[in-house]
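Participant: Sequence isn't available, so here's the structure alone:
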């Protein structure tokens with residue numbers, strides 16, 4: 001894949017930054033199981049008491065993130081154009097879970113930079129706020145940050161006001177930590193956005209909710225060979241692949257996934273570039 005001098009410089013800066021960030025507590029799966037956010041998490045949402053459309057929500061809804069504009073329901077997208085040889089590799093980041101090591105995220109980010117691959121990181125807002133030193137490391141190599149709710153509940157189990165709060169809470173964290181990022185939203189605890197989720201995402205300013213069409217189920221820890229095989233079997237031009245930072249098998253599989261894509265004539269890109 002061609003790379004400009006600025007791109008090579010950006011990745012050199014990334015590799016330097018990656019070595020200086022202090023390793024912290026770990027990452028978790030985006031499994032479909034889960035529970036509603038505890039009271040403490042809900043209390044931390046920046047807009048938990050403000051439904052989109054109210055005066056409180058209206059003061060913040062239009063400003064954060066590029067291209068965010070409150071309106072009608074968002075559109076769900078599971079893949080990009082099928083007539084272009086591009087594939088988006090997306091990764092879920094956070095929240096904290098015991099026995100998972102943040103160094104796995106650094107390893108994957110370093111490898112992506114060395115392979116000249118830009119990925120899209122769907123981050124959990126509360127977790128990202130607690131590990132904000134990782135933000136410049138993610139962005140230094142040209143990767144993309146996006147919204148994966150504030151506390152990672154099973155979003156389909158929540159009423160409208162808490163769905164709104166989860167979306168807005170992460171949106172506002174991204175606006176504070178990475179103002180040029182946060183164009184897209186992906187719900188937690190479900191592989192498909194419901195009409196309620198689409199309505200609340202649209203009200204929070206998101207025009208696009210990003211689902212996916214390839215899921216190697218890496219959060220079940222099937223091993224690197226299974227992750228590689230499942231991605232290879234499912235991927236097509238325009239595919240959006242869903243994976244996770246916190247699993248050794250995924251990190252080990254990453255370079256082979258990229259090699260397989262390129263051998264098949266497919267170019268790994270960010271969601272932003274896929275949906276242009």
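Facilitator: That came through, no problem. These numbers were taken from a predicted model, which means no experiment stands behind them. Numbering: from 1, shown residues only.
Participant: Pull the contacting residues for the most centrally placed residue in the chain.
Facilitator: Taking CA atoms, centre = their mean, the centroid of the chain lies closest to residue 122, which sits 1.1 Å from it. For residue 122, the contact set (CB atoms under 8 Å, 6 or more residues apart in numbering) comprises 90, 91, 92, 93, 146, 147, 148, 184, 186, 210. From N, CA and C alone the C-beta is placed, and that goes for glycine too.
Participant: Using a markdown table, lay out those together with neighbour count and distance to residue 82.
Facilitator: Output for the contacts of residue 122, formatted as a markdown table (neighbours: other CB atoms under 10 Å; distance: CB to CB, whole Å):
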| residue | neighbour count | distance to residue 82 |
| --- | --- | --- |
| 90 | 24 | 18 |
| 91 | 27 | 23 |
| 92 | 25 | 24 |
| 93 | 24 | 28 |
| 146 | 26 | 22 |
| 147 | 34 | 26 |
| 148 | 30 | 25 |
| 184 | 27 | 19 |
| 186 | 30 | 21 |
| 210 | 29 | 16 |
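Participant: pretty sure residue 138 contacts residue 109?
Facilitator: Yes - with contact defined as CB atoms under 8 Å, residue 138 reaches residue 109; the gap is 6.4 Å.
Participant: Give me the sheet partners of the helix or strand containing the residue nearest to the centre of the chain and which way each runs.
Facilitator: When elements are assigned from DSSP states H and E, residue 122 belongs to strand 120-123. Strands that pair with strand 120-123, judged by DSSP bridges, come out as strand 86-93 (parallel), strand 144-147 (parallel).
Participant: For residue 275, which of the ones you listed is the nearest?
Facilitator: strand 86-93 (8.1 Å; CB to CB).
Participant: What is the subsequent helix or strand relative to that closest one?
Facilitator: Later in the chain than strand 86-93, the nearest helix or strand by DSSP H and E is helix 103-114.
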